[in-house]
Structures are given as C-alpha cells and as structure tokens.
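In: I need the structure of the sequence given here:
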Amino acid sequence: MFDINLDDLAGGELGIQFQAAAKKVIENLLDPNTPYKNKRGITIKLTFEQNEQRNDVTVGVQVETKLSPRSPIKTQMAIGKDLRTKELFVEEYGKGIRGQVRMEGLPTDENGNILIGEKAADPETGEIVD
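Out: Next comes the predicted model:
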C-alpha cells in the first residue's frame with residue numbers, strides 16, 4: 001500500500017511548518033512597506049536517504065519561505081560646519097522644513113528664553129522677547 005499524508009508526515013511537523021510559513025507569507029503580502037508586485041513563495045523540500053539494504057529510509061522535511069524585502073526608507077540630513085567652532089555637524093531632519101532650527105539644547109536666560117546672539121526668544125513660539 002502506498003499512502004503518504006503530508007499533514008501527518010513527521011508527526012505532523014510538516015503541516016505545522018507549512019502553517020507557520022503561510023502566516024509569514026500572508027503577513028509579508030499585507031505589509032505596506034514591501035513592493036506589491038514581488039512574488040512570494042513557499043518551498044517544501046523532502047529528502048530521502050536510504051540504508052544499504054534499501055529497506056529503510058530517513059526522510060528530511062524542510063519548509064522555506066521566499067518573502068519580499070522591505071522597501072528602503074529614506075530620510076534627510078543637514079550637514080555642515082559650525083563657523084564659530086569649526087566643528088562638523090550632521091543632523092537628521094526627516095520631514096521637517098529645511099532651515100528649521102530645533103530649540104532644544106540651546107542656551108537660555110534666567111527666564112527660560114532661548115538666547116540667540118544678543119536677543120532672547122520664547123521657546124514655545126520662537127518670537128523675540130523684549
């Protein structure tokens with residue numbers, strides 16, 4: 001009698017591995033950060049290694065997935081040299097507006113206003129205060 005049920009093969013391990021692989025493929029298909037056109041796949045590999053008498057065989061069971069890689073993510077970085085200190089700088093600004101300045105870490109006066117040269121600016125609004 002020749003009867004091989006893939007759901008029962010290797011004590012049910014093939015079915016368990018296939019379900020896990022199918023879940024990975026579906027998650028990858030639904031990931032908006034992957035290209036939709038890329039093909040995904042599941043490969044089930046069975047290897048057969050027999051003994052010298054040819055009356056016993058060891059079956060290797062392997063399930064592999066082929067997923068789509070995530071799309072590259074881009075960001076923007078401002079680079080330059082501080083004219084006062086001559087130090088190089090690099091700062092990510094992402095989706096911010098080019099030339100926009102962050103107020104954190106700048107020197108402040110006794111009222112908590114940001115010092116810009118000889119003037120002070122309100123840290124909330126950026127307006128110059130008298």
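In: Could you use CA atoms for every contact and neighbour count after this?
Out: Noted.
In: any weak-confidence spans in this protein?
Out: Low-confidence segments of the chain, defined by pLDDT under 70: 94-104.
In: now the farthest one out in it, which residue is it?
Out: Farthest-out residue of the chain from its mean C-alpha position, per CA atoms, centre = their mean: residue 53, at 51.1 Å.
In: Which stretches in the chain count as helices?
Out: Assignment of helices within the chain using DSSP state H yields the ranges 13-30.
In: Where do the strands of it begin and end?
Out: 41-50, 57-66, 77-81, 88-92, 114-116, 119-121, 128-129 (DSSP state E).
In: Give the other helices and strands that the shortest one contacts.
Out: Translated: strand 128-129. With contacts taken as 3 or more CA pairs under 8 Å, 6 or more residues apart in numbering; DSSP states H and E, strand 128-129 sits against strand 119-121.
In: next one: the strand it packs on to chain centre, how far?
Out: Computed by CA atoms, centre = their mean, to the nearest Å, the chain-centroid distance of strand 119-121 equals 41 Å.
In: And that strand, what's buried?
Out: Using 16 or more other CA atoms under 10 Å as the test for burial, strand 119-121 gives 120, 121.
In: Which other helices and strands does that strand contact?
Out: Where contact means 3+ CA pairs under 8 Å, 6+ apart, strand 119-121 is packed against strand 114-116, strand 128-129.
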